[in-house]
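# Here you go, sequence then predicted model.
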Amino acid sequence: MFTTNPFTPLTAFVSPAVMQGYIILMIIAVAIGTAFDLLHGKKAKFFLQERKRAKAAAKQQLSTVGMAAIATRTLVNDIATFGEFCNRYRRISHVLMFYGFVLYLITTIVLVFVYPTDTRTPVIFPILWNIGVLMTLVGGYWFFFFLRVNVVHDGHSPWRLVRADLFIVTLLASVTFALLLEVVEMAENTAATKVFAGIYLFFTTLLFVSVPWSKFAHMFYKPVVAFQRRVEEADGSSDLPTPTTAGGERCPHSHT
């Protein structure tokens, strides 16, 4: 466990071509779902209108160097470390989820496309796959049970689910059953492996095809919104109130 390719046992009843085709279909589903959300939800129209408003209201023209500096700050503060969250615990949980999920996805692609039937898969890839799974689960369950707004501030039960929870629930279910499938495969029970593989497939499919109705697409929007916000603050076109904390910080020092 943790050092062998978790997808190799599945080739006993599913061909590598089918698994590879499934991954390609899920990538297409995410692309279509994001495009649908942008167009049907009128987000693209809103972004264009907001950009036009900001351009007309700009008080100064930013140089190429200035834009590059803003892009760098956006990448480091808003994207890489989730600086949008004032609460450090929410930031940590999202960092764990994001980097864990990305690591899990990348290693899954490598294991399925490069070493699907190879029992001598380089040990580093299964280890990284499991690290990604564990990071996602630690950050995800921490957020789900202790950090969600409706649980912390509204006092609701963590089991009370709304549409906004669709992404986190399907993500946790998918990755949890990925780990359970790996554990079941150790018993070499074909029937149990098929059952857990089916459940894993169900929640994974739901995760990727529910993009138009979940927060999945927000991962693609947030970098654009964060960059645009910083540009507007720099060129004077922002219609948001100026931060009043020392140094112009968005988060008071009292936030934890």
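Structure's in. What do you need? Numbers count the residues shown, from 1 in each chain.
# Kindly state the pLDDT recorded for the closest residue to residue 105 other than its chain neighbours?
Sequence neighbours aside, residue 132 is the residue nearest to residue 105 in space, at 7.7 Å (criterion: C-beta to C-beta, 6 or more residues apart in numbering). Backbone N, C-alpha and C define where each C-beta goes, glycine included. As predicted, residue 132 sits at a pLDDT of 97.
# same question, residue 241
Taking residue 241 on its own, its pLDDT is 62.
# just residue 188 next, same as before
87.
# Helix, strand, or coil at it?
coil (DSSP: H, G, I helix; E, B strand; the rest coil).
# residues in contact with it?
Not one residue lies near residue 188 by C-beta atoms under 8 Å, 6 or more residues apart in numbering.
# at 10 Å what do you get?
Going by C-beta atoms under 10 Å, 6 or more residues apart in numbering, residue 188 touches residue 9.
# next one: residue 76
So residue 76 contacts residue 83 (C-beta under 10 Å, 6+ apart).
# if we can go back for a sec, and the residue nearest to residue 105, how many neighbours?
By other C-beta atoms under 10 Å, the residues close to residue 132 number 22.
# was I right about it contacting residue 138?
No. Applying C-beta atoms under 10 Å as the test, residue 132 and residue 138 come out as separate, 11.1 Å apart.
# intersection of neighbour lists for these two?
What both residue 132 and residue 138 touch, as defined by C-beta under 10 Å, 6+ apart, is the set residue 100.
# Now do the helices in the stretch 101-250 of the chain.
For the stretch 101-250 of the chain, the helices defined by DSSP state H, counting those that start in this stretch cover 124-142, 149-152, 166-186, 190-209, 218-235.
# which strands and helices sit next to the last one?
If I follow you right, that is helix 218-235. helix 16-40, helix 43-57, helix 64-73, helix 88-113 (3 or more C-beta pairs under 10 Å, 6 or more residues apart in numbering; DSSP states H and E).
# would CSV of those with mean pLDDT and mean neighbour count be doable?
As requested, those are exported to CSV (pLDDT from 0 to 100; neighbours: other C-beta atoms under 10 Å):
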stretch, mean pLDDT, mean neighbour count
helix 16-40, 92, 14
helix 43-57, 78, 13
helix 64-73, 90, 13
helix 88-113, 95, 18
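# wait, residue 215 sits on residue 168?
Yes. The pair residue 215 and residue 168 qualifies as a contact (C-beta under 10 Å) at a distance of 7.8 Å.
# Overlap in contacts, the two.
Joint contacts of residue 215 and residue 168 (C-beta under 10 Å, 6+ apart) do not exist.
# can you pull the contacts of the closest residue to residue 22 other than its chain neighbours?
In this structure, residue 22 finds its nearest non-sequential neighbour in residue 201, 7.8 Å apart by C-beta to C-beta, 6+ apart. Residue 201 sits next to 10, 14, 19, 22, 174, 177, 181 when contact means C-beta under 10 Å, 6+ apart.
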